[in-house]
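Visitor: Provide a 3D model corresponding to the input given below.
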Amino acid sequence: MGMLNKPSARVLNALASLEGNTEFEVVSGWLEESLRTLYTDSVSTHDDVRSRWMQGAAQVVEDFLTKSKTARDTLNKSR
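Guide: Next up is the predicted model:
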């Protein structure tokens, strides 16, 4: 179960249209780098509240990246 709402067909179409867009690939790379940092920082902090916050943030970023990468397949399966 993801932390983001299920994307509508309109959102999936928008995400699918970004596939192969070099500028969006730059943004995706930045999000993937941020995701790695969030996971690393969440296990290395001794503050339980901050750790849980970072884990939640990581889940949202990961959910978005997954939805953006699978948008076209999700659309095709729904037809």
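
Visitor: Please make it C-alpha for all contacts and neighbour counts, starting now.
Guide: Will do.

Visitor: just checking, what packs against whichever strand or helix holds Arg52?
Guide: Arg52 is located in helix 48-78, with elements delineated by DSSP states H and E. With contacts defined as 3 or more CA pairs under 8 Å, 6 or more residues apart in numbering; DSSP states H and E, the packing partners of helix 48-78 are helix 9-17, helix 22-44.

Visitor: Only the buried residues of it, if you could.
Guide: 51, 54-65, 67-69, 71-72, 74 (16 or more other CA atoms under 10 Å).

Visitor: average pLDDT for it?
Guide: Averaging pLDDT along helix 48-78 yields 95.

Visitor: quick one, it and helix 22-44 angle?
Guide: Calculated by axes from the mean of the first three to the mean of the last three CA atoms, to 10 degrees, helix 48-78 forms an angle of 140 degrees with helix 22-44.

Visitor: So the residue in the chain sticking out farthest from the centre: helix, strand or coil?
Guide: Using CA atoms, centre = their mean, the residue of the chain lying farthest from its centre is His46. It sits 25.4 Å away. At His46 the chain is in coil, as set by DSSP: H, G, I helix; E, B strand; the rest coil.
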